[in-house]
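Participant: coords below, sequence missing:
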């Protein structure tokens with residue numbers, strides 16, 4: 001039935017994650033649209049995505065990510081969405097909250113996304129919630145710094 005409806009098991013799981021990410025758009029707006037500031041927003045996102053109940057979703061995301069990078073032509077839509085769907089709102093947030101130029105906002109957004117995912121992967125691999133959370137909080141303070149004058 002999976003092949004009949006989705007073409008393959010991989011496309012089924014991609015669709016599941018797409019739906020999860022679509023639902024997260026609303027929650028992301030809630031996180032980005034508050035008065036916690038940049039660092040507070042990052043920490044709030046970590047608190048949400050690192051819960052024990054959400055970790056299986058993150059594990060699935062990493063599993064599909066691995067499959068997709070091995071066959072990028074077949075999974076081009078997934079690979080595009082899994083990055084762009086996060087970068088664009090993060091860029092807007094950095095421009096709005098920190099007054100960054102679009103170029104610097106894009107660089108910081110990519111760094112934030114990569115760090116967040118790296119720490120999430122560390123949490124899944126080691127189970128070390130204390131150290132990964134401490135590293136995330138440290139990073140959040142660093143990335144939330146306003147731009148330095150030239």
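Facilitator: In hand now; what should we look at? Fair warning: this is a prediction, and the values are worked out from it, not measured in the lab.
Participant: With adjacent residues omitted, what lies nearest to residue 145?
Facilitator: Excluding the flanking residues, the one nearest residue 145 by C-beta to C-beta, 6 or more residues apart in numbering is residue 98, at 7.9 Å. For glycine as for every other residue, the C-beta is placed from the backbone atoms N, C-alpha and C.
Participant: show me where pLDDT drops low in the protein?
Facilitator: Low-confidence segments of the chain (pLDDT under 70): 25-35, 150.
Participant: any idea how far the residue nearest the centre of it is from residue 130?
Facilitator: The centroid of the chain falls nearest to residue 113 when counting by C-alpha atoms, centre = their mean (5.3 Å). Distance of residue 113 to residue 130, given as C-beta to C-beta, to the nearest Å: 23 Å.
Participant: likewise residue 7?
Facilitator: Residue 7 is 42 Å from residue 130, by C-beta to C-beta.
Participant: For these two, work out which one has more neighbours and name it.
Facilitator: residue 7 (13 against 8; other C-beta atoms under 10 Å).
Participant: gap between the more buried one and residue 74?
Facilitator: Residue 7 is 10 Å from residue 74, by C-beta to C-beta.
Participant: can you pull out the helices in this structure?
Facilitator: 2-6, 9-32, 37-49, 55-70, 76-98, 102-126, 129-143 (DSSP state H).
Participant: possible to save those as a markdown table with distance to residue 149?
Facilitator: Shown next, in a markdown table, are these (distance: least, C-beta to C-beta, whole Å):
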| stretch | distance to residue 149 |
| --- | --- |
| helix 2-6 | 52 |
| helix 9-32 | 26 |
| helix 37-49 | 19 |
| helix 55-70 | 38 |
| helix 76-98 | 13 |
| helix 102-126 | 13 |
| helix 129-143 | 18 |
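Participant: Contacts only, for residue 42.
Facilitator: 112, 116, 136, 139-140, 143-144 (C-beta atoms under 8 Å, 6 or more residues apart in numbering).
Participant: Please apply the same query to residue 128.
Facilitator: residue 122.
Participant: Distance of it relative to residue 69?
Facilitator: For residue 128, the distance to residue 69 equals 25 Å [C-beta to C-beta].
Participant: just residue 133 next, same as before
Facilitator: Look at residue 133 and residue 69: by C-beta to C-beta, they are 27 Å apart.
Participant: So these two - more neighbours on which side?
Facilitator: Counted by other C-beta under 10 Å, residue 133 and residue 69 do not tie: residue 133 has more neighbours, with 16 against 11.
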